[in-house]
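**Q** Predicted structure and sequence below. I'll ask about it afterward.
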Amino acid sequence: MNRKLIKNANILSMDLAVGDFDDADILIEDDRIVAVGPNLQADGAEIIDGKGRIVIPGLVNAHIHTWEFQLRGIGSDWVGFRDYVANMHGNLATRYQDEDVYIGNLVGSLNQLRNGTTTIVDWCHITRDASMTDAAIDGLEESGIRAVFARGTVKPPERPGEVPYH
C-alpha cells in the first residue's frame with residue numbers, strides 16, 4: 001500500500017462533514033483520502049510538507065481546446081470570432097499533424113494538472129482523421145488527467161463559392 005501524509009496544510013474541503021482547517025493533515029492511501037484532521041499519525045507514510053500551502057479539491061475545466069496549448073498567447077490583437085476562425089482554423093490548424101495534436105494535448109493537460117485542474121472536457125475540433133484522433137487521445141491518456149474527449153467538427157478554410165462550414 002502506498003501511503004502519503006500531507007502535514008500542516010490549510011485545507012478547504014468543500015465538505016461540511018469534514019470541515020476546513022487552518023493547519024491540519026491529509027492521509028492518502030493508494031489513491032484515496034482516508035483521513036483529514038489535525039495531528040494525524042501514519043507510520044511508514046511518505047511525509048509531504050504542506051506548511052504555507054492550500055489544499056483544495058481538484059477543479060474541473062468543462063470547456064478547453066487542449067490541442068491549442070502551444071498556441072496560447074497568439075491572437076491578442078484578433079477581433080473576436082471572425083479573426084479566430086480565419087487565423088486559427090483557416091491557417092494554423094491546417095498545418096497541424098498528428099504529433100502536433102498529441103503534444104498539445106499532452107502538455108496542455110499537464111499544465112491543467114499543474115494548476116489544480118484534475119478533470120477536463122477536451123473539445124478537440126481539429127482532428128481530420130482517425131490517426132489524429134488517436135494522437136489526441138494518446139496525449140490525454142499519457143498525461144494522467146481525467147478527461148472526456150469531445151470530438152468537434154473540423155473547421156476547414158472557406159473557399160470562394162462554397163457554403164461555409166458554419
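**A** Great, that's in hand.
**Q** Now the helix of greatest length in the chain: buried residues?
**A** Secondary structure assigned by DSSP state H gives helix 98-114 as the longest helix of the chain. For helix 98-114, burial by neighbour count (16 or more other Cβ atoms under 10 Å) applies to 98, 100-106, 108-110, 112-113. To be clear about C-beta, it is placed using only N, CA and C from the backbone, and glycine gets the same treatment.
**Q** residues touching Ile137, list them.
**A** For Ile137, the contact set (Cβ atoms under 8 Å, 6 or more residues apart in numbering) comprises Asn105, Phe149.
**Q** Which parts of the protein are strands?
**A** With DSSP state E as the criterion, the chain has strands at 3-11, 21-29, 32-37, 46-49, 54-55, 59-64, 117-124, 146-151.
**Q** Give me the residues contacting the lowest-mean-pLDDT helix or strand in the chain.
**A** Using mean pLDDT, DSSP states H and E, helix 80-84 stands out as the lowest-scoring helix or strand of the chain, at a mean of 87. With contact meaning Cβ under 8 Å, 6+ apart, helix 80-84 is reached by Gly75, Trp78.
**Q** how far is that helix from where the chain is centred?
**A** Put simply, helix 80-84 sits 24 Å off its chain's centre (Cα atoms, centre = their mean, to the nearest Å).
**Q** repeat for stretch 97-117
**A** So, by Cα atoms, centre = their mean, the centroid of stretch 97-117 is 7 Å from its chain's centroid.
**Q** So which residues make contact with the longest helix of the chain?
**A** Residues outside helix 98-114 that contact it (Cβ under 8 Å, 6+ apart) are 61, 64, 66-71, 118, 120, 122, 124, 126-127, 131-132, 134-140, 142-145, 147.
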